[in-house]
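*Asks:* Quick one: sequence and predicted model below, then my questions.
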Amino acid sequence: MKKTKKSFRSPPPAHEMMTVECAFCDGIGRDPYGILSKLSKCPACNGHTNVKVRKPAYPCAYCHGTGKQRHTRLTCSVCKGIGHVTVAGPTTKCPQCEGSGNTQGSDLPCAFCRGAGLIAGKSTEMAAVSAQENSTASQA
């Protein structure tokens, strides 16, 4: 019987990674709310106090780099509690949410930039046209 290899993504090289302090627990490594136990590990960093993220890392626009979901005790749905997001290549401010990371008029992450507040690899004019097409399609 022939064994097949499972395909998986290999981790990025070390020079493409940077270490940041966990935003959800402020680098303590414990659940900041102590809901299950005062000894519970932080769900974002798993008790390690630091998290490795891919370069370039920008502060999360949706949670303002806190790693916490607004008005709750949950980790941020955009950055997963880390407080930083990675956007590869040249970036511009999202034309739909204007860099805020959330959909105007609600507490939901922006669908165009996925809550990062930044989009990759487009000029400002192309991004504005694409955002306008996206909003027109969603209204139809």
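*Replies:* Received it, and whenever you're ready, just let me know what you need.
*Asks:* Low-confidence regions, this protein specifically.
*Replies:* For the chain, the stretches flagged by pLDDT under 70 are 1-12, 14-15, 122-140.
*Asks:* Could you pull out the strands in it for me?
*Replies:* Applying DSSP state E to the chain gives strands spanning 17-21, 50-54, 57-59, 84-86, 91-93, 118-120.
*Asks:* Point out the other helices and strands that the fourth one packs with.
*Replies:* For strand 84-86, the contact count by 3 or more C-beta pairs under 8 Å, 6 or more residues apart in numbering; DSSP states H and E identifies strand 50-54, strand 57-59 as packing neighbours. Backbone N, C-alpha and C define where each C-beta goes, glycine included.
*Asks:* shouldn't residue 65 be in contact with residue 59?
*Replies:* Yes - contact status for residue 65 versus residue 59: in contact at 3.8 Å, counting by C-beta atoms under 8 Å.
*Asks:* Common neighbours of these two, please.
*Replies:* Common neighbours of residue 65 and residue 59 (criterion: C-beta atoms under 8 Å, 6 or more residues apart in numbering): 83-84.
*Asks:* Redo the strands of the chain as JSON lines? Include distance to residue 38.
*Replies:* Formatted as JSON lines, the strands of the chain follow (distance: least, C-beta to C-beta, whole Å):
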{"stretch": "strand 17-21", "distance to residue 38": "21"}
{"stretch": "strand 50-54", "distance to residue 38": "21"}
{"stretch": "strand 57-59", "distance to residue 38": "29"}
{"stretch": "strand 84-86", "distance to residue 38": "27"}
{"stretch": "strand 91-93", "distance to residue 38": "40"}
{"stretch": "strand 118-120", "distance to residue 38": "37"}
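*Asks:* among these, which is the most enclosed?
*Replies:* Highest mean neighbour count among the strands of the chain (mean count of other C-beta atoms under 10 Å): strand 84-86, with a mean of 22.
*Asks:* Not counting its own residues, what contacts that strand?
*Replies:* Residues outside strand 84-86 that contact it (C-beta under 8 Å, 6+ apart) are 20, 23, 53-61, 65, 78-79, 115-116, 118.
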